[in-house]
Each structure stands twice: as structure tokens, then as C-alpha cells.
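# Here is a sequence together with a model predicted from it:
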Amino acid sequence: MKISFKKTYKFAIKSAFYITLFSTAFVVFLAMLVFHASTKSLFLFGIAFMFTIYLFSFLVLQYRVERFIYRRVKKIYDDVSLLESSTLINQPITTDMETLTREVKKFATDKKLEIEMLQVREEYRREFLGNISHELKTPLFTVQGYISTLLDGAMDDKTIRKKYLKRADKGVERLIYIVEDLDMITKLESGDLDLEITEFDIVELIRNVFDLLEMKADKKNIKLAFENEYIRPNFVKADKDRIQQVIENLIVNSIKYGKKDGITEVAVVNLTKEKVLVRISDDGEGIEKQNIPRLFERFYRVNKSGSRSEGGSGLGLAIVKHIIEAHKEKIYVESEFGIGSEFSFTIEKANKKQVIIKD
């Protein structure tokens, strides 16, 4: 550790002043009693004596007391340096107690925050490993079960063989789906996924997603529609494939948690001159307030048993959040339990001149 002795003179100055004042008064009083000196002589003697005593007291106190404190304070710095605290190691050693107290208090506060952050990360890591283990274990055991049954003799029955192989294939597809989503979210977090920015009609893209998910919505008789029936084309600037994935994931989510005979509505709003807001709302079961802050975490499920039966990798909303953030945009969620949920995100508008040409 770099040793730099930062001197402080306040204690020595005050202490030397008090010693000098007392010593001078005492000596002058003795001189008056013993020598019966004149007032002028006593004054000159007092000034000379005061200067000498003050200088001597100051030097002794400054050296002895400071060195005494320094040795003990240095030990504190040496002990702290074992913790590799850059905030204290790179600072000069001070013997001023107020400064030292402030530095040590700041050091303790920073370490406390660091420990709390590490505890949160450790908890998140344990939960993440537990979730990914469960997500992978379920389809793996499914595939293993069907294949083991076939190997034990069921392979000879053509009907059972075909049925079990189809079910095993679905399990493999689910595994691939989870791995692909994990790979994508890893690339998004590390910034390795390049965005192909183009200009396109967000309204047309949403209509295409409606067509893709129509059959899935029909299973629960959920209507997919725009809030405004006569919505006009609205051109935006983004990665078209990624934005389609965002809209698909959000609408699939609304269908998954939507009620039968319900509705999922999408609105495209001109928020500002530069931004468009895409809003997806449903009249499903809604989300409890305590679950909203964790919605975008990997594998986090509000209804663990129900959502797993619906399928999915558990990474949909996490991917949505990372794609929107990769575009340097914002995503919002509002929900009231028992009434429904609303997800919305911003997106950059396309150049107006190019919009006119495309129209």
C-alpha cells in the first residue's frame, strides 16, 4: 500500500496555544514576585518566553502525538487494505479523526451494498439454475420415457410406436425451442446480435401476426383485433424480424393467460413526432402487483403449473425486453388482477419522405 503521511496541525496548534498561555502567565507571575521586574521588562520577557514555549510545544506535540496516532491509524489502513478497497488504498493516510471516521464509514457502507448485491445475485443464480434445470428436465424425461417404453417391447406395435415417436419428437422440439431462446437472450445481453434496421409498416406486420396466431386464438375463442377498426398504415424504423418476434410473444402471452371468449386488442399510437407506441391489451386474469417487477426475468412464471401446461420456454418476456432495449426503446406493463393486462413499447418512426413514397 502506498504510504503518504497527510499532516494535520489543528490539534498541535490548539494544544501548544493552551500550554503557552498557561506557562507564560505562570512564569510572568513568578518573575513579578521574585525579581520585582518592571512592566516593560516583564512584557518583553513574556513575549520571548511565549514564542519559545509555543514553538517548542508545537513541534513536540506535532511530532510525538501525530506519530503516536499515525502508527495506530496506519494499522487500520493496513488491515483494510487486505480487503483490497480501492477507495482507501489509493488515499494518503490521515491522522485527522473526523476524516478517518468519514472514510471508514464510507468504506463500510460501500462494502455493505456490495455484499447485499452479491447476495441478490447469488439468490438469482440459484433460482435461475433451478428454473432452467426444471425446464430442461421435463422434456428430457418425457423423451426418455417414451423411448424407454419403445425399447422395452412397445416398438413392435406400429400404432404405439408412431404415437410415442411423435410425442418424443414434441419433447425434442421443446428442448430445441428452449436452447434457441437461451442462445438468443445470451446474444442480446452480450450485444452479439446485430439488428438489421429497415423501414416497414407496423400495422401490416401486426396483421401478419394476427394471421399466424389465429388458430391458436380460436382454440380459446379469443378475438384478435385493433382498437381502432380503421387504422392507417404507420411506418417505423427497426429490425422487422425482431419486432415481429416481440409482437408475437406479447400476443401469445395474452392468449395464454386470456380468458375464453375474450379479446386481445392492439393499438398503434403516434406518441410524439419521433416515436410510435404499440399497445397490446387483454381482458384475461391479470397479474398481481407483487409479480409485475419480476415479469421480465428468465423463466419467471406467474402461474407456474398453468403456464407450463401451455408450453413455451419461459423466456418470452425476457427476450421481448432485451429486443426492445437493444433498439434503445422502452417497454411498459400495467395490470390489474382479475381484469386484464396491458403491455406497450415505443418504437422509432420512419422518415416521413420515405413513408409517402411507400404509400
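Structure's in. What do you need?
# per the record, what domains does the chain have?
Following the TED database, the chain resolves into domains at 7-73, 105-190, 197-348.
# out of the ones you listed, deepest packed?
domain 197-348 (a mean of 17; mean count of other Cβ atoms under 10 Å). For glycine as for every other residue, the C-beta is placed from the backbone atoms N, C-alpha and C.
# Start and end of that domain, how far apart?
Domain 197-348 stretches 11 Å from its first residue to its last (Cα to Cα, to the nearest Å).
# So for that domain, mean pLDDT?
Averaging pLDDT along domain 197-348 yields 86.
# From the chain's centroid, how far away is that domain?
What separates the centre of domain 197-348 from the centre of its chain is 23 Å, taken as Cα atoms, centre = their mean, to the nearest Å.
# Just the strands from the stretch 251-359 of the chain, written as ranges.
For the stretch 251-359 of the chain, the strands defined by DSSP state E, counting those that start in this stretch occupy 263-270, 275-282, 331-336, 340-348.
# Where do the helices of the chain begin and end?
Along the chain, the segments classed as helices by DSSP state H run 10-34, 39-81, 86-89, 97-151, 158-190, 202-218, 240-257, 304-309, 316-326, 352-358.
# Would you single out the least confident of the ones you listed?
Looking at the helices of the chain, the weakest mean confidence is helix 352-358, a mean of 43.
# can you list the strands of the stretch 251-359 of the chain in CSV and add distance to Val60?
Shown next, in CSV, are those (distance: least, Cβ to Cβ, whole Å):
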stretch, distance to Val60
strand 263-270, 79
strand 275-282, 72
strand 331-336, 69
strand 340-348, 71
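# Out of those, which gets nearest to Glu288?
Checking the strands of the stretch 251-359 of the chain against Glu288 by Cβ to Cβ gives strand 331-336 as the closest, at 8.2 Å.
# Can you list the strands that the closest one pairs with?
Strand 331-336 has the following strand partners under DSSP bridges: strand 340-348 (antiparallel).
# Just the residues contacting the partner strand, thanks.
202, 236-238, 243, 246, 250, 253-254, 257, 271, 274-284, 286-287, 320, 324, 327, 329-335 (Cβ atoms under 8 Å, 6 or more residues apart in numbering).
# tell me the angle of that strand relative to helix 240-257?
Computed by axes from the mean of the first three to the mean of the last three Cα atoms, to 10 degrees, the angle separating strand 340-348 from helix 240-257 equals 170 degrees.
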